[in-house]
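Undergrad: The sequence and its predicted three-dimensional model are supplied below.
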Amino acid sequence: MRVDTHHHHKKAGENLAVVFFLNLTFNIIVIVGALATNSMAILSDFIHDLSDTISIALAWFLERIAQKDSSENYSYGYQRFSILGAVIISVFVIIMAFVILSEAIPRLFAPEGVDAGGMLIIAVIGLIFKSLSVYRLHRGETFNEKAILFHQMGDVFEWVAILILSLVLMFWDGAAYLDPFVSIGIAAWLIFNLGRNLIKSVQILLQKTPSNFDVDEFKASINSIDGVNSIDDFHVWSLDGIDSVLTVKVSISNWEIQEDIKKEIYDIASKYHIVDITIEFD
């Protein structure tokens, strides 16, 4: 049995397209703001946000590939390109977070002056754009969307922190050390959350049993079907963290009710996001 699996990847592609153009527009605003205020802090954030936009473009591209139908070369379809995107993006953002740490930690001991007024204006704009991105992605199902969502949430926290920091700096010149301190906190948050997303994505690529799949309960449900003697060669794995594939060999006592048993197995599987089932009877 094979059912349509592309709906969530199509929606993910639409979400990522909107977020990409929001971030691209914001990149232009940030670089203009950096040049207008002569602020190295804002210029540094432009580099960070540009990496966001590149990540989102990659995620969008791979989600579009994930919507393609199966082919001779990819008989199960292209859904795993979505997971590949989540792995690449998670690794990329984690590396960028460590780069931020390498820049921020030394500045704790040698804080640099910033343009507080310019920071305040850009922070307000940044908060608006990043909040729109988070809102667009917050109901996303794919790991790709979740990877980008964590990054965008980190950016929201960053701009809130920069907004507060800019207000503090406008009245207290001695608080420059707070700028790198806030950056360190945001970087640590990104590493923790994207690290978890990376681990889950790699587990899917290694065909780990889906986390939402109760194997014992599923087997018990099949064994309770009239005419089923036992289950052998049971295998289940996820294509993209949402939809899963199942193969199972079922020993039955009455071949005349084979189709009835198969239908009941399909009904049970439909509760677990199983989109492809191969059943062998003996």
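TA: Cool, the structure landed.
Undergrad: Mind jotting down where the helices sit in the protein?
TA: 7-37, 40-66, 80-109, 116-137, 143-171, 178-205, 215-223, 258-269 (DSSP state H).
Undergrad: Now do the same contact list for the closest residue to residue 163 other than its chain neighbours.
TA: Once flanking residues are discounted, residue 163 sits nearest to residue 123: 3.9 Å by Cβ to Cβ, 6 or more residues apart in numbering. To be clear about C-beta, it is placed using only N, CA and C from the backbone, and glycine gets the same treatment. Applying Cβ atoms under 8 Å, 6 or more residues apart in numbering to residue 123 gives the contacts 159-160, 162-163, 166.
Undergrad: what pLDDT does residue 123 get?
TA: Note on residue 123: pLDDT of 85.
Undergrad: same thing with the one 4 residues further on?
TA: Among the per-residue scores, residue 127 holds a pLDDT of 89.
Undergrad: That one contacts residue 159, doesn't it?
TA: Yes. The pair formed by residue 127 and residue 159 meets the contact definition of Cβ atoms under 8 Å, at 4.4 Å.
Undergrad: and the angle from the strand ranked longest in the chain to helix 215-223?
TA: Longest strand in the chain, counting residues (DSSP state E): strand 228-238. Interaxial angle, strand 228-238 versus helix 215-223 (axes from the mean of the first three to the mean of the last three Cα atoms, to 10 degrees): 140 degrees.
Undergrad: And the average pLDDT for strand 228-238 is what?
TA: In this model, strand 228-238 has a mean pLDDT of 84.
Undergrad: name the helices or strands packed onto it?
TA: Using 3 or more Cβ pairs under 8 Å, 6 or more residues apart in numbering; DSSP states H and E as the contact test, the elements touching strand 228-238 are helix 215-223, strand 244-252.
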